[in-house]
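Student: here is my input; please provide its structure:
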Amino acid sequence: MANGVGEAHRGGMGHGEMSRRESRQAAVASATLGPWRTATAVGVGVGGAALVVDVITGHWSWDILAGPASLGLFFFFLVGTVGGRLRRDTGDRRLRRWVDEHPWQSALPAAGALLVLNTAALWLLGSWGLFGAVFTSLLPAGLLLVVAGVVGSVKAARTRP
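Tutor: Have a look, this model is predicted:
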């Protein structure tokens, strides 16, 4: 209140509520809660297995890299994001509480990152055009958002008194 403006006047925030900027920062910070080493191993394993299947079946083209990269990215973000929702042993308690109270909002950064990286992988490594890659990437990003949001919502509902 150094400038004489009360909290209620600065956007109607009450005690314990965060501004939009703070909420965005918390959502991005929530990504640090995931088991990212495990997620990397799973993503590389799934992507590598998909590449081996494509090589064995003889699908020889640039798409031989795009499909496995897409699958690897999806499983990387799925394990990292959902694993972060289920872990209890890491992270700041305030951040974890915010994630538990905002399961859908906290899943948005991972879904957005998947959308961007999957689009780039399909566009650069595959035969998709930019718009086709974006639209193709909407499905895995949306699925990640739904799975992480539902897992977070169920966890929050089960831990409430």
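Student: all helices in the protein, in order from the N-terminus.
Tutor: In the chain, the helices defined using DSSP state H lie at 20-30, 36-57, 63-86, 93-101, 103-125, 130-159.
Student: so which residue is dead centre in this structure?
Tutor: Nearest to the centroid of the C-alpha atoms of the chain, with distances taken as Cα atoms, centre = their mean, sits Ala110, at 1.8 Å.
Student: so what's it scoring on pLDDT?
Tutor: In the prediction, the pLDDT value recorded for Ala110 is 94.
Student: contact partners for it?
Tutor: Ala31, Phe77, Gly80, Thr81, Leu144, Ala148 (Cβ atoms under 8 Å, 6 or more residues apart in numbering). Placement of C-beta: from N, CA and C, glycine included.
Student: one step back: and among the helices of the chain, the most buried is which?
Tutor: helix 63-86 (a mean of 22; mean count of other Cβ atoms under 10 Å).
Student: just give me how far that helix sits from the chain centre.
Tutor: Once both centres are worked out by Cα atoms, centre = their mean, to the nearest Å, helix 63-86 turns out to sit 10 Å from its chain's centre.
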